[in-house]
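A.B. asks: Here's my sequence, what's the structure:
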Amino acid sequence: MKISSSWEQSIYVLLILSRLPKGKSVNSLALSERLNVSHSYLKKTIKSLVKEGFVKSIPGKSGGFSLAMPLNEIDFYKVFQAVEGRGKVFASQHLLAEFLDKDQSEIEPCAVSAAMDNIENSLKKTMQAITLDQMVKEIQEKYDTSDLDQWLKQVAH
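C.D. replies: So this is what the prediction gives:
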């Protein structure tokens, strides 16, 4: 399974925005430079976060982006849906009938499709169980974030 880089980038954008002082914002160029990712690609990703209501867009020359909702209301699955779409991760083609060379109505539900559904449900539950506020706590416990905070003081407006 390959998930686009948008998902991870989105999580980090939200984590960065959560550290901004109230009333401050940061532009997409600064975010892309900090994360060392494509600016044009990140702008599309941020647009998805704005559309989903996670991020607030501040227009104008000195505009930028800020967090629009508390991190405890945002889990990995919600971010995943925002940037990857709402469809199924595993889209079964239901190939059992072709595999067995039988009419679809003659066979039991597909074991492969059922297994894929079980995997998808497990993945969804796992992703829903991880909120971004939990990530902030874990990061703060494990890492020195003083460089990030210093950088935010320089780029936030």
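
A.B. asks: List the buried residues in stretch 20-27.
C.D. replies: For stretch 20-27, a neighbour-count test (16 or more other CB atoms under 10 Å) marks 20, 24-27 as buried. C-beta: built from backbone N, CA, C; applies to glycine.

A.B. asks: list the buried ones in the helix of greatest length in the chain?
C.D. replies: When the chain is parsed with DSSP state H, its longest helix is helix 111-128. For helix 111-128, the neighbour count (16+ other CB under 10 Å) marks 113, 116, 123-124, 127 as buried.

A.B. asks: if we can go back for a sec, now, among the buried residues of stretch 20-27, which is nearest to residue 136?
C.D. replies: Using CB to CB, residue 20 is the member of the buried residues of stretch 20-27 that sits closest to residue 136, with 12.7 Å.

A.B. asks: Is it possible to get CSV of the buried residues of helix 111-128 that adds pLDDT?
C.D. replies: Output for those, formatted as CSV (pLDDT from 0 to 100):
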residue, pLDDT
113, 86
116, 89
123, 93
124, 95
127, 96
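
A.B. asks: Show me which of those is closest to residue 59.
C.D. replies: Closest approach to residue 59 among these (CB to CB): residue 127, at 32.0 Å.

A.B. asks: Quick check: that closest one vs residue 3, distance?
C.D. replies: 11 Å (CB to CB, to the nearest Å).
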